[in-house]
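S.K.: when you get a sec, could you give me coordinates for this:
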Amino acid sequence: MRALLPGALALLGLFVLSGPAGATDLRSQTKAWSIEGIHALDLDLAAGQVAIEGSDGDRVRLTVGVHCEDLSESDCQRRARDIDLEATRRGDVLEIRVRNGSVWRNTRSHLRVEVQVPRTLPVDLEFKAGELEITDLGRDVHVAMGAGEARLRLREDDVGAVRAHVGVGDTRLRTREATYDGDGFISRSVRWEGGHGAARVKVTLGAGEVDVRLQ
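M.R.: Residues are numbered from 1 along each chain as shown. All right, here's what the predicted structure looks like:
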């Protein structure tokens with residue numbers, strides 16, 4: 001079964017939100033997909049700000065927004081319509097892609113992506129650059145990120161092992177009992193296998209900072 005949703009921002013329509021002087025915020029409607037028959041989520045997201053939150057529901061919900069600081073409202077809307085949102089089901093994996101090509105290069109504008117994911121789904125995320133925050137996921141989490149900051153806040157009872165690596169930058173893991181700073185000179189790595197949960201967490205970042213907290 002294959003379900004494809006091209007050019008979703010244009011199909012959904014764009015809403016202008018209030019923001020700081022000289023800035024424009026555009027938000028699309030939220031799209032949702034059932035997880036019936038789905039056993040994993042594969043996300044490929046463009047650069048920007050990304051927030052992924054676990055939920056007790058049975059649907060994946062995704063909202064794409066655009067924040068423009070150096071573009072007029074009309075220019076921001078035109079670039080926003082060039083963003084592609086695709087959802088494809090491959091077997092028991094739901095693949096979601098948010099792409100913006102090169103339309104945001106050399107600007108102070110960026111995408112904002114919010115994803116709600118049922119806690120029972122493992123998540124595999126590829127993210128180019130920006131700020132990433134993941135909270136309250138309950139299964140395996142694999143993140144491959146180019147540059148920026150990655151913050152993960154998970155329940156310690158869900159997690160069995162954590163591996164975090166940064167090519168250039170810092171990485172830190174905090175559990176209820178201890179704090180582990182990354183080993184290395186330029187590249188930093190943390191490995192921890194002291195948990196009792198089933199989830200395996202792996203974060204690989206090219207440059208920047210990884211902060212994992214098990215609460």
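S.K.: kindly export the helix or strand where Leu205 lies (C-alpha atoms) in PDB.
M.R.: Here Leu205 sits within strand 199-214, counting by DSSP states H and E. The C-alpha coordinates for strand 199-214 follow below in PDB (Å, rounded to 0.1, in the frame of the first residue of the first chain):
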ATOM      1  CA  ALA A 199      14.400   1.100  24.200                       C
ATOM      2  CA  ARG A 200      17.700   1.700  22.500                       C
ATOM      3  CA  VAL A 201      18.700   5.300  21.900                       C
ATOM      4  CA  LYS A 202      21.300   6.300  19.400                       C
ATOM      5  CA  VAL A 203      22.200   9.900  18.400                       C
ATOM      6  CA  THR A 204      24.800  10.800  15.800                       C
ATOM      7  CA  LEU A 205      25.500  14.500  15.300                       C
ATOM      8  CA  GLY A 206      28.100  16.000  13.000                       C
ATOM      9  CA  ALA A 207      28.700  19.200  14.900                       C
ATOM     10  CA  GLY A 208      27.000  20.800  17.900                       C
ATOM     11  CA  GLU A 209      25.700  19.500  21.100                       C
ATOM     12  CA  VAL A 210      23.700  16.500  22.300                       C
ATOM     13  CA  ASP A 211      22.000  16.500  25.700                       C
ATOM     14  CA  VAL A 212      20.100  13.400  26.800                       C
ATOM     15  CA  ARG A 213      18.200  13.300  30.100                       C
ATOM     16  CA  LEU A 214      16.600  10.100  31.500                       C
END
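S.K.: neighbouring strands for it, and are they parallel or not?
M.R.: Paired with strand 199-214 in the same sheet, following DSSP bridges, are strand 141-154 (parallel), strand 159-174 (parallel).
S.K.: now the last one: mean pLDDT?
M.R.: When pLDDT is averaged along strand 159-174, the result is 97.
S.K.: do the same with the first one
M.R.: Confidence over strand 141-154 (mean pLDDT, whole number) is 97.
S.K.: over to stretch 200-215?
M.R.: For stretch 200-215, mean pLDDT rounds to 97.
S.K.: Ala47 contacts Val113, doesn't it?
M.R.: No. Between Ala47 and Val113 there is no contact under CB atoms under 8 Å: 10.1 Å. For every residue, glycine as well, the C-beta is placed using N, CA and C.
S.K.: quick one: which of these two has more around it?
M.R.: More crowded of Ala47 and Val113, by other CB atoms under 10 Å: Val113, with 23 against 19.
S.K.: give me the pLDDT for that one.
M.R.: At Val113, pLDDT is 90.
S.K.: distance of it from Asp158?
M.R.: 23 Å (CB to CB, to the nearest Å).
S.K.: cool, Arg188 as well?
M.R.: 24 Å.
S.K.: may I have the phi/psi pair for Glu73?
M.R.: The phi/psi pair for Glu73 (degrees, to the nearest 10) reads phi -60, psi -40.
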